[in-house]
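Undergrad: test case, fold it:
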Amino acid sequence: MAITVKFPPRRRKTKIIGTLGPSSSSLEQIRALVNAGLDVVRLNFSHGSHEDHGARVRAVRQVEKETGRPIAILADLQGPKLRLGTFAAGPVDLTAGQRFRLDLSSEPGDATRVGMPHPEIFAALTPGAELLLDDGKVRLRVEHCGADHAETVVVSGTRLSDRKGVNVPTVVLPLSPLTEKDRRDLTFALSQGVDWVALSFVQRPEDVAEARRLIAGRAVLLSKLEKPQAIEHLHEIIELSDGVMVARGDLGVEMPPEDVPSIQKRIVREARLAGKPVIVATQMLESMITAPAPTRAEASDVATAVFDGADAVMLSAESASGAYPVEAVSMMDRIACRVEQDPMYRTIMDAQHPGPQETTSDAITAAASQVARTIRAAAIVTYTTSGLTTLRAARERPDVPILCLTSRIETARWLQLAYGVHAVHTEDVETFAEMVQKAVTLAYTQGLADEGQRVVITAGVPFGIAGNTNILRIGWVERPAVGNRSCPPAEERCV
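TA: Next up, the predicted model:
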């Protein structure tokens with residue numbers, strides 16, 4: 001078995017997602033981002049053409065080929081964009097208490113009215129509902145409404161200009177999260193072989209089910225939690241999704257900002273309980289769009305997400321269009337590394353530890369984490385086809401790396417988003433002896449274990465059957481023979 005070291009393991013377990021854009025689209029720029037610590041690339045389909053995104057996918061796969069490091073690609077769909085019409089004479093000034101009309105007319109507006117070309121909003125409005133315009137800078141309260149208009153009172157805000165966004169925080173809108181544009185983008189993204197699809201504007205479990213039907217197993221599905229209505233159905237949405245994102249920017253518009261931190265912690269906790277990857281996103285290092293270093297508050301914000309136990313933290317404009325994309329990734333890497341070295345971090349992870357479910361797979365995985373700690377193993381090795389075995393291991397938040405061995409490159413890629421996972425694409429095994437030998441050899445050659453250390457191995461028998469974790473082994477690591485980089489038969493012990 002000839003094996004060579006292709007890429008070193010990350011020092012941290014929390015993963016970093018970076019959005020590609022004008023500042024980070026070339027092969028050289030993507031290579032620099034990956035070297036700085038990027039694990040997952042995000043393609044934001046709110047911007048850019050299919051040609052742009054296709055070129056970025058090809059560049060990412062080229063860097064993946066050069067480094068041997070699987071890289072996950074996340075296609076983030078835009079979702080419905082609700083906007084006002086235009087004003088005849090430019091921006092208008094509003095005062096609290098004045099009346100302001102919204103209607104379906106396409107005529108340019110003035111200080112008394114403006115068009116809102118979204119009949120689905122009028123259909124859902126009721127007296128007393130609130131409308132937030134321009135990311136909440138203007139707040140209106142509905143007094144009277146009909147199928148084609150709403151008479152409102154200005155609660156707060158001073159100025160309004162063309163095509164500003166509209167949010168309706170207290171109403172479930174009769175809208176699919178997938179517009180015609182999203183459906184075209186989804187078809188293209190899947191044709192390019194993306195690994196994750198992020199669904200925007202999720203309000204109900206049915207929204208997730210609709211997207212899953214369209215994806216049809218060609219990628220894994222991530223639900224963006226950016227609407228208050230989604231929080232009301234949090235458990236069901238997490239269960240239907242392969243992962244979730246805490247989209248704090250939109251959440252902070254549609255609910256009081258003071259509620260967002262506790263919502264973030266709740267989402268991270270429930271996603272971990274379900275064994276689903278969770279991302280914390282939006283405005284994490286926003287000042288680094290124009291500055292080479294973040295504010296102390298931003299550094300603390302990233303650290304808080306890591307302390308919460310998030311699988312990943314995400315950069316948006318910082319890496320897509322900012323002046324310092326590589327520095328932003330490097331800074332996020334340094335913050336995560338420092339937090340994970342803090343003694344309080346392990347205390348928090350253990351205090352929030354979810355109990356295993358009453359299944360053989362969960363029992364084995366929970367035992368693997370405990371055995372690894374007891375014998376001071378260097379790593380936990382998981383054999384997986386579907387990725388479920390590895391996700392169970394990540395749910396435990398072990399204090400050692402998780403070496404994921406899989407025969408499917410697609411699985412190796414999407415698991416790069418999961419906590420603590422170092423995924424390797426390798427041929428499947430057929431026997432116990434081969435399983436242990438390959439596990440200890442790759443743990444050594446991938447830089448996760450030294451000679452004389454032990455690794456804890458979990459797998460399912462028969463091999464190659466998804467979701468069937470039922471064995472646990474301890475393997476001893478020996479230095480591979482110099483000539484062929486292969487490892488002699490390892491001592492193994494059954495637990």
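Undergrad: any idea how far residue 324 is from residue 26?
TA: Computed as CB to CB, to the nearest Å, the residue 324 to residue 26 distance reads 16 Å. In this view, the C-beta of every residue, glycine as well, is placed from N, C-alpha and C.
Undergrad: one more: residue 290?
TA: Residue 290 sits 21 Å away from residue 26, taking CB to CB as the criterion.
Undergrad: and the residue sitting nearest the centre point of the chain, what pLDDT?
TA: For the chain, the residue nearest the mean C-alpha position is residue 279 (3.8 Å; CA atoms, centre = their mean). Note on residue 279: pLDDT of 98.
Undergrad: which residues touch it?
TA: 17, 222, 243, 244, 245, 246, 310, 311, 312, 313, 314, 417 (CB atoms under 8 Å, 6 or more residues apart in numbering).
Undergrad: go on, residue 345?
TA: Residue 345 sits next to 306, 307, 339 when contact means CB under 8 Å, 6+ apart.
Undergrad: out of these, which sit inside helices?
TA: Using DSSP state H, the members of these that fall in helices are 306, 307, 339.
Undergrad: how about the contacts made by the first one?
TA: Read it as residue 306. When contacts are counted by CB under 8 Å, 6+ apart, residue 306 touches 14, 313, 335, 336, 339, 340, 345.
Undergrad: I'd like to know how far the fourth one sits from residue 76.
TA: When CB to CB is the yardstick, residue 336 and residue 76 sit 22 Å from each other.
Undergrad: try the fifth one
TA: Spatial separation of residue 339 from residue 76 under the definition CB to CB is 26 Å.
Undergrad: quick one: neighbours of residue 219, just the number.
TA: 21 (other CB atoms under 10 Å).
Undergrad: more crowded one of residue 290 and residue 26?
TA: Taking other CB under 10 Å, residue 290 and residue 26 do not tie; residue 26 has more neighbours (13 against 10).
Undergrad: give me the neighbour count for the closest residue to the more buried one other than its chain neighbours.
TA: Leaving aside its chain neighbours, residue 26 sits nearest to residue 59 (7.0 Å; criterion: CB to CB, 6 or more residues apart in numbering). Per other CB under 10 Å, the neighbour tally for residue 59 reads 20.
Undergrad: name the residues that touch the helix or strand harbouring residue 59?
TA: In this structure, residue 59 sits in helix 50-67 according to DSSP states H and E. Outside helix 50-67, the residues that touch it by CB under 8 Å, 6+ apart are 6-7, 20, 25-27, 30-31, 34, 41, 43, 45, 70-71, 73, 75, 185, 188-189, 192-194.
Undergrad: mind checking which of those residues are in strands?
TA: Among those, the members falling in strands (DSSP state E) are 20, 41, 43, 73, 75.
Undergrad: nearest spatial neighbour of the fourth one, skipping sequence neighbours?
TA: Pointing back at residue 73 there. residue 194 (4.6 Å).
Undergrad: verify the contact between the one you found and residue 219 for me.
TA: Yes. Using CB atoms under 8 Å, residue 194 is in contact with residue 219, at 5.6 Å.
Undergrad: hey, what's in contact with both of the two?
TA: Here residue 194 and residue 219 have residue 75 as joint contacts, going by CB under 8 Å, 6+ apart.
Undergrad: for the residue lying closest to residue 39 once chain neighbours are set aside, give me its contacts.
TA: With sequence-adjacent residues excluded and distances taken as CB to CB, 6+ apart, residue 39 is closest to residue 15, at 4.2 Å. Contacts for residue 15 were tallied using CB under 8 Å, 6+ apart; they are 39, 40, 311, 312, 313, 416, 417, 418, 419.
Undergrad: look up phi and psi at residue 15.
TA: phi -90, psi 160 (degrees, to the nearest 10).
Undergrad: among the contacts of residue 15, which one lies nearest to residue 258?
TA: Set against residue 258, the nearest of the contacts of residue 15 by CB to CB is residue 313 (21.5 Å).
Undergrad: got any ranges where this protein has weak pLDDT?
TA: Residue ranges of the chain with pLDDT under 70: 1-7, 464-467, 480-495.
Undergrad: okay, now the domains of it?
TA: Per the record, the chain has its domains at 15-79+178-349, 92-167, 360-494, by automatic domain parsing.
Undergrad: give me the neighbour count for residue 340.
TA: Other residues near residue 340 number 18, with proximity taken as other CB under 10 Å.
Undergrad: quick one, what contacts it?
TA: 12, 13, 14, 306.
Undergrad: any idea how far it is from residue 291?
TA: Separation of residue 340 from residue 291 (CB to CB): 25 Å.
Undergrad: would you mark the buried spots in stretch 343-359?
TA: 345, 348, 349, 354, 356 (16 or more other CB atoms under 10 Å).
Undergrad: one more: stretch 77-94?
TA: Under the neighbour-count criterion of 16+ other CB under 10 Å, stretch 77-94 has 77, 78, 79, 80, 82, 83, 84, 85, 87, 92, 94 buried.
Undergrad: so what would you say the end-to-end distance of it is?
TA: Stretch 77-94 has an end-to-end distance of 34 Å (CA to CA, to the nearest Å).
Undergrad: please apply the same query to stretch 445-459.
TA: 20 Å.
Undergrad: which residues of the stretch 151-300 of the chain fall in strands?
TA: Counting by DSSP state E, counting those that start in this stretch, the stretch 151-300 of the chain has strands at residues 159-160, 166-167, 196-199, 220-225, 243-247, 278-281.
Undergrad: tell me how far the residue nearest to residue 193 when sequence neighbours are not counted lies from residue 64.
TA: Take residue 193 and drop its neighbours on the chain: the residue closest to it by CB to CB, 6+ apart is residue 57, 7.2 Å away. Look at residue 57 and residue 64: by CB to CB, they are 10 Å apart.
Undergrad: then residue 401?
TA: For residue 401 relative to residue 64 (CB to CB), the value is 20 Å.
Undergrad: the two: which is more packed in?
TA: residue 401 (24 against 19).
Undergrad: one step back: look at residue 339 and residue 76 and report which has more neighbours.
TA: Set residue 339 next to residue 76 and count neighbours by other CB under 10 Å: residue 76 wins out with 27 against 20.
Undergrad: hey, what's that one bridged with?
TA: Following DSSP bridges, residue 76 is listed with bridge partners residue 44, residue 198.
Undergrad: any idea how far it is from residue 47?
TA: 10 Å.
Undergrad: swap in residue 321?
TA: Taking CB to CB, one finds residue 321 at 9 Å from residue 47.
Undergrad: shared neighbours of these two, which are they?
TA: With CB under 8 Å, 6+ apart, residue 321 and residue 47 have common neighbours residue 21.
Undergrad: show me where the stretch 251-400 of the chain has helices.
TA: Along the stretch 251-400 of the chain, counting by DSSP state H, counting those that start in this stretch, helices occupy 260-274, 296-308, 317-320, 325-341, 343-351, 360-374, 388-395.
Undergrad: re the thing from before, of the contacts of residue 340 - the most surrounded one?
TA: Per-residue neighbour counts (other CB under 10 Å) across those peak at residue 14, which has 27 neighbours.
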